[in-house]
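# For reference, the sequence and a predicted model appear below.
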Amino acid sequence: MSNEVWVVADLKLDGSIRKVTFEALSEARRKLVGKIGGNLCGVLLGSGVSNLAPELGKYGAEKVYVVDNELLKDSNPDGYTKALADLIKKYEPYIVIAGNTNLAEDYLPRVAGRVQAGLTMDSIDLDLTDDNRLKIQRYSHSSKVISTQEFLDHKPMMTTVRPNSFKPEEDQKDPEIVNESVDFNSEDIWTNVVEIKAKKSDLPPLTEADRVVSGGRGLGSEENFKYIYELAEAFDAAPGATRAAVDAGYCPYDMQVGQTGKAVSPNLYVAVAISGAIQHFSGMGSSKVIVAINKDPDAPIFKKCDYGICGDLFELLPPLTDEVKKLLQD
Amino acid sequence: MKWVLNPYDEFAVEEALRTKEQFGGEVVLVTMGPARCREALRTGLAMGADSSVHIEDDNFAFSDNYVVGKIIANEIKNLGEYDLIFTGFKIIDDESVQVGIHIAEELGIPHVALVSKVVRIDPDQKRVTCQKEIDGGHVIVDVPMPALITCPDAMNEPRYASLPGIMKAKKKPLKEVLVDDINLEALGLSRESLGKDGARVKTTSIKVPQIERKLKVITGKDNPAVKGDEIIESTHELIKLLREEAKVV
């Protein structure tokens, strides 16, 4: 058993490393590695990823395990499962961390099953018990409560972390590179990726965005959602929506924030024509600053926001968008 | 064809029923949990599922995902051949996304997570093609059957149970499985590995998150809503607060 703490890099569709990876490396260094007396290591899985290792070194990785294989292209979950499970069996790390992305939710439970590890998802706090077992906090029960969960002394201990929960902090290292080849058999890869449809957008992904602008059913139509997209663009924010707006067909499901959609934790959350139902709050209630725009003075959201304007969104959003544009261009 | 599923939510049940309507076969509900799960099984049977299995024993309470996945997978094996397993993407209370995928791993079959649409099922080639949601877009994949599919919220519109459906459900088979019915040793488990004390991860405390909000809401003078010149004044004021007080722009 080693004393290594691993952070598995999460890659975007364009092959670059997601910010959450640097957040996880930074928090693991601050809270876990020193106390365990171990090493901080990065793990790179993918096709053509070897050149990314120095980026993990920039955030404190002293060693980077690399599995660079054609079969790992398109983030194939079967390939990821096999590669990470084999690495874990061979090197027996103490703790394994990844960002809480759709991909991690897809393949990490399978890895945990294969190596019989405990796994928690979407942690917002990382810590150790007195006897150096991993201890995390996460939202549960529609985000109405925060649970503290402790691992048994059974390694590795695995968790994913919610994007935007930890501060990324550089700590330049020149990491040792460990190239690993994994023997894939034909039966290891079931999933045949037929087609990838990347969303054409210059805006940041919803879960990682520093700012989010969301609209509710009060927008009234798919066409009117342009008001949301325009304000989002002005703020350099990701656009989001309530379940009601998605169900009404105003925007796609991948924009849904809430209990049955995505959980976000941005610095600024602007809620437009959103009443503030508990199901929506369970996906954005941990945002640092919440702004509400609603014409109903009795909307519950006005009781749980930082700033609000009571008024008609169609009158308010165009001048607000202009003002934000001007401000951020200067 | 026979369809087995694990009804953490009704989207999975609905998808299984639609598959049966198209290709024939049988829909079997499998769940693990306390007595109140019986109600969920009755609902699924009333929607149109054919039979159900309820794994119910206090010894299992608060078991970890690994153990739950193993036990459910074992019951599915006992049911005989199957082609597709549908599970909810997430369990609402614990917000765990793990159990379905653990079942697939235990059964040694592929899984497709977060499927927004089953595009095609080919019973001859035994393959299923799905559209699944990924970070930054979506992807079309196909996998051999049997396979497990996890169902998110927007996948379909679940039907309501009809009155005749509810009446019929009362006569449909509901098999109960207790801990003594399971050969734990053969699964690599022991009594100690079950329940809260054997769990790889356990909840030690819970707290209600407290975030103080500033509650500064700008309203109109004569009406609650801002009107006329107040509109521009209010957006100025909001931007000023975001810049100078909250410092987020």
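Arrived safely, thanks for sending.
# Where does pLDDT dip in chain B?
Along chain B, the parts satisfying pLDDT under 70 run over B:1-8, B:91-95.
# Tell me where the stretch 101-250 of chain A has strands.
Remark: strands assigned in the stretch 101-250 of chain A by DSSP state E, counting those that start in this stretch are A:118-128, A:134-140, A:145-151, A:157-161, A:176-179, A:192-198, A:211-215, A:238-241.
# Tell me how many other residues crowd A:Asp322.
Neighbourhood size, A:Asp322 [other CB atoms under 10 Å in any protein chain shown]: 13. C-beta here means a position set from N, CA and C on the backbone, and glycine is covered the same way.
# distance of it from A:Val272?
16 Å (CB to CB, to the nearest Å).
# May I have the phi/psi pair for B:Ala113?
Torsion angles at B:Ala113 (phi, psi; degrees, to the nearest 10) stand at phi -90, psi 150.
# For chain B, find the nearest of the strands of the stretch 101-250 of chain A.
With CB to the nearest CB as the measure, strand A:118-128 is the member of these nearest chain B (2.9 Å).
# Who are the packing partners of the closest one?
helix A:102-115, strand A:134-140, strand A:145-151, strand A:157-161, strand B:201-207 (3 or more CB pairs under 8 Å, 6 or more residues apart in numbering or on different chains; DSSP states H and E).
# Can you get me a residue count around B:Asp83?
18.
# Correction: the previous question concerned A:Ala277.
By the measure other CB under 10 Å, the count of residues near A:Ala277 is 16.
# Can you name the helix or strand that B:Pro224 falls in?
Assigned by DSSP states H and E, B:Pro224 belongs to neither a helix nor a strand.
# Three-state assignment for the closest residue to it other than its chain neighbours, please.
Closest residue in space to B:Pro224, ignoring its immediate chain neighbours: A:Pro297 at 3.5 Å, by CB to CB, 6 or more residues apart in numbering or on different chains. At A:Pro297, secondary structure determined by DSSP: H, G, I helix; E, B strand; the rest coil is coil.
# residues touching A:Pro297, list them.
Residues in contact with A:Pro297, defined by CB atoms under 8 Å, 6 or more residues apart in numbering or on different chains, are A:310, B:219, B:224-225.
# how near is it to A:Leu219?
19 Å.
# Nearest residue to the closest residue to chain A within chain B in space, please, no chain neighbours.
Closest contact between chain B and chain A, by CB to the nearest CB, is at B:Arg200 (2.9 Å). Leaving out its chain neighbours, the residue that sits closest to B:Arg200 by CB to CB, 6+ apart is A:Gly118, at 2.9 Å.
# can you check A:Ala209 too?
A:Ala238 (3.6 Å).
# wait, what's in contact with that neighbour?
Contacts for A:Ala238 (CB under 8 Å, 6+ apart) come out as A:203-206, A:209, A:211-213, A:232, A:264, A:266.
# ranges for the helices of the stretch 1-150 of chain A?
With DSSP state H, counting those that start in this stretch as the criterion, the stretch 1-150 of chain A has helices at A:19-28, A:34-36, A:53-58, A:77-91, A:102-115.
# How about the stretch 151-300 of chain A?
For the stretch 151-300 of chain A, helices defined by DSSP H, counting those that start in this stretch occupy the ranges A:226-235, A:243-247, A:278-284.
# just chain B next, same as before
Using DSSP state H, the helices of chain B run over B:10-23, B:37-47, B:65-78, B:99-107, B:163-169, B:195-198, B:229-240.
# Which one of these lies nearest to A:Asn164?
When the helices of chain B are compared for distance to A:Asn164 using CB to CB, the nearest one is helix B:229-240, at 22.6 Å.
# Can you pull out the low-pLDDT segments for chain A?
For chain A (pLDDT under 70), the answer is A:200-202, A:330.
# okay, which residue is most central for it?
A:Pro163 (3.7 Å; CA atoms, centre = their mean).
# and what of chain B?
When CA atoms, centre = their mean is applied to chain B, the residue found nearest the centroid is B:Gly88 (2.0 Å).
# From A:Gln256, how far out is that residue?
16 Å.
# what does A:Phe225 give?
For A:Phe225 relative to A:Gln256 (CB to CB), the value is 13 Å.
# between these two, which one's more packed in?
Each of A:Phe225 and A:Gln256 has its neighbours counted (other CB under 10 Å); A:Gln256 has more, 26 against 19.
# Provide a list of residues in contact with that one.
A:240-243, A:246, A:262, B:153-154.
# mind running it again at 10 Å?
The contact partners of A:Gln256, by CB atoms under 10 Å, 6 or more residues apart in numbering or on different chains, come to A:206, A:214, A:240-247, A:262, A:280, A:283, B:152-154.
# Tell me the bridge partners for it.
Assessed by DSSP bridges, A:Gln256 has beta-bridge partners A:Ala241.
# Got a PyMOL select line for the buried ones in the contacts of A:Ala238?
Listed next is the PyMOL selection for buried residues among the contacts of A:Ala238, using 16 or more other CB atoms under 10 Å in any protein chain shown:
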select buried, chain A and resi 203+204+205+206+209+211+212+213+232+264+266
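# Might you report the residue contacts of A:Cys251?
By CB under 10 Å, 6+ apart, the contact list for A:Cys251 reads A:214-215, A:219, A:222, A:225, A:228-229, A:239-242, A:245.
# would you turn the helices and strands packed on strand A:118-128 into CSV with mean neighbour count?
Converted to CSV, the helices and strands packed on strand A:118-128 look like this (neighbours: other CB atoms under 10 Å in any protein chain shown):
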stretch, mean neighbour count
helix A:102-115, 25
strand A:134-140, 23
strand A:145-151, 19
strand A:157-161, 27
strand B:201-207, 15
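# tally of neighbours for A:Val49?
The tally of other residues near A:Val49 (other CB under 10 Å) stands at 20.
# for the closest residue to it other than its chain neighbours, what are its contacts?
Sequence neighbours aside, A:Asp68 is the residue nearest to A:Val49 in space, at 5.5 Å (criterion: CB to CB, 6+ apart). Applying CB under 10 Å, 6+ apart, we find A:Asp68 in contact with A:44-52, A:83, A:179-181.
# I figured A:Gly276 hits A:Cys305, correct?
Yes: applying CB atoms under 10 Å as the test, A:Gly276 and A:Cys305 come out as touching, 7.8 Å apart.
# Need the overlap of contacts for the two.
What both A:Gly276 and A:Cys305 touch, as defined by CB under 10 Å, 6+ apart, is the set A:290, A:292, A:294, A:299.
# Can I have the buried ones of those as a PyMOL selection?
Typed into PyMOL, the line below selects the buried ones among those, using 16+ other CB under 10 Å:
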select buried, chain A and resi 290+292+294+299
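# Okay, and which of the shared contacts of A:Gly276 and A:Cys305 map to strands?
A:290, A:292, A:294 (DSSP state E).
# Please parse chain B into its domains.
B:2-198, B:207-249 (automatic domain parsing).
# Repeat that for chain A.
Taking automatic domain parsing as the reference, chain A has its domains at A:4-188, A:206-329.
# between the ones you listed, which one is nearest to B:Glu105?
Nearest of the domains of chain A (CB to CB): domain A:4-188, 3.9 Å.
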